Structures are given as C-alpha cells and as structure tokens.
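>>> need a structure here:
(one chain, ligands or ions: 2)
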Amino acid sequence: MTPGLTKTPRLQLLTKMKTAASILTLCMACAFLASPAAAQGDVESGAKLAYTCLGCHGIEGYRNAYPSYRVPKLGGQKAAYLLAALQGYQDGTREHPTMQAQASSMSDQDMQDLAAYFSSIANDTVAAGGSEAAGIDAASTCVACHGQNGISVSPNWPTLAGQYQDYLKHALNQYRDGTRKNAVMAQMAAPLTDDDVAVLVRYYSALEGLETTVVE
Ligand code: HEC
Ligand code: HEC
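Numbering: from 1, shown residues only. Ligands and ions are numbered 1, 2, ... in the order given. Predicted structure coming up:
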C-alpha cells in the first residue's frame, strides 16, 4: 500500500469538512443578515397580543413613574429593533421592571408577532420620513445609522424621529451611565455633554416619524 492511497481519502474528508464548515458559516451569516421579525412575525396575531401593551403604549403622553418620562412610541418602529428590545427585557440585558415582567412570559413567536404588528403601523409616513433633511451638526455622527430624517436605515436600528423627547433623553443618559448596555451606543453617547443631549433630543423628537398606537 502506498502512502498516497491512505492519504487521499483523508484529504477528501478534510476538503469535505472544510466545505461543510464554510457552508455552515455562510448560512449563519445569512440567518444573521435576514431580518427574522419581518419575515416570520404575524401582524394579525401581534395586534391581538398588543392589546395589553396599549394600556401604556397606546395612550398619548402616558408616563413612566420614578423616573418620570413618557412611555416610548412603538408605532412604525423597526421590527428587528423591537424584537431585540423585547429579547433584551426577557434575558435581563435591558432593565426595566414592568417591561421585564411583560416580556418574561412571551414566546419567541409572540415577540416576532408583536414586532411585526408595531412596525407595520404608520409605515408610509415612517418609511418616507416626513420632515425636511434639515439636520444639525450635533446629529452628523448619528445620521449613518439613524438616518437623515431620524428614520433608521436598517431594521436593526431604532427610528428616533417623533419619539418623545424625555424618553430619548432617558435612553441617552442610560447609555452614558452604563445602565443600558450596548457597545455601539455606549461609544456614541460617551462624548456627549448634557447640552448635546438636550439639542439632540429636541431635534429628533420634533421630526415626523413614530406614532402612538391607539386602542381601536
Ligand atoms: C405598564 C406600562 C407598560 C405596559 C403594559 C407595556 N409597556 Fe412597553 N414600555 C413601558 C415603558 C415605561 C418603557 C420604557 C422602558 C425603558 O426605559 O427601557 C417601555 C419600553 C418598551 C419597548 C422598548 C421601546 C424602545 O424604543 O426601545 C418595547 C419594544 C415595548 N415596551 C414593548 C411592549 C409590548 C410589546 C408590550 C405588551 C406586551 C408592552 N410594551 C407593555 C411601559 C409599558
Ligand atoms: C453605528 C450605528 C449607530 C450610530 C452612529 C448611532 N446609533 Fe443610536 N442606536 C444604534 C443601535 C444599534 C441602537 C439600539 C441599541 C440597543 O439595543 O440598546 C441605538 C439606539 C439609540 C437610542 C435609543 C432608542 C430607543 O428607542 O430606545 C437613541 C436615543 C440613540 N440611539 C441616539 C443616537 C444618537 C443621538 C446618535 C449620534 C450621537 C446615535 N444614536 C448614533 C446605532 C447607532
């Protein structure tokens, strides 16, 4: 027996394994790139599940107590971001007692349906970006992800346009002090001063975009 004969099958096996591994990597990349919430969520089922949410999210200007800021608007928010937010509350990486309680009993499908429902609302306005691309200097670094008009350019990043001013301030301050953990936003928020935050949140909240979902 020549060494070549034993080597060949091994080499073939190795090549096969390598191919399998690269296909696997590719599939994982695809799964990561595809927006699962948009693809798998059911809007009608989400609308039913959303009934309990509207007690807070469906009332214009409804406030969170201690600290006091308005409950964020969800109508027209990006699906993959909504899903990530709910997953964050469920696994505890994002902290808020009420929302953690809400998310604790949700199945993956529930979260996808809810994300599909809320992202489907007012989609025309939100997709188009109602306001002029006026922009302000302070927002020049934010534009790459949150868009020219505060309408995010990816389903994974939240739209900021039209969101409540005090909620945006609360969120930015949480990134600044590390209460809310996100590697990207921690870096973005760190150099901001209180004045920068004030200017940014006034700017984004004044743009046309997100909507309060009202009880029908
Ligand atoms: C008792 C009031 C209340 C109820 C009921 C409630 N929420 Fe919330 N929700 C809040 C508050 C307050 C926040 C902001 C929490 C924070 O600062 O992280 C929030 C935040 C969120 C966010 C993150 C938004 C963002 O821009 O990051 C999502 C998504 C969300 N809620 C979805 C839901 C869904 C879905 C339901 C129903 C199953 C629900 N909420 C029910 C009060 C509520
Ligand atoms: C590289 C992309 C990127 C850039 C640039 C960026 N952001 Fe973000 N932003 C994100 C992502 C991703 C999230 C969601 C993080 C999370 O899950 O907490 C986010 C979340 C936010 C939120 C919370 C929204 C909500 O609904 O809770 C605010 C407010 C925000 N960004 C403001 C800004 C501002 C202001 C700037 C510019 C100074 C900025 N961002 C720059 C990617 C970016």
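
>>> all contacts plus neighbour counts: C-alpha atoms, from now on.
OK.

>>> Who are the contact partners of the residue nearest the centre of the chain?
Centroid-nearest residue in the chain: Tyr81, 1.6 Å away (criterion: CA atoms, centre = their mean). Contacts here follow CA atoms under 8 Å, 6 or more residues apart in numbering; on that basis Tyr81 touches Pro155, Asn156, Trp157, Pro158.

>>> and with 10 Å instead?
Ser35, Ala37, Gln87, Ala115, Ser119, Ser154, Pro155, Asn156, Trp157, Pro158, Thr159 (CA atoms under 10 Å, 6 or more residues apart in numbering).

>>> Neighbour-wise, which one of the residues you listed leads?
Ala115 (33 neighbours; other CA atoms under 10 Å).

>>> Doesn't that one belong to a strand?
No. Secondary structure of Ala115 (DSSP: H, G, I helix; E, B strand; the rest coil): helix, not part of a strand.

>>> these two touch, right, it and Glu44?
No. Between Ala115 and Glu44 there is no contact under CA atoms under 10 Å: 11.3 Å.

>>> residues shared between the contacts of those two?
Ala50.

>>> what's the neighbour count on the residue of the chain found nearest ligand 1?
Nearest to ligand 1 in the chain, going by CA to the nearest ligand atom, is Cys53, at a distance of 3.3 Å. Look at Cys53: counted by other CA under 10 Å, it has 17 neighbours.

>>> Adjust the sequence numbering to begin at 24 for everything that follows.
Renumbered: residue one is now 24, and that last one reads Cys76.
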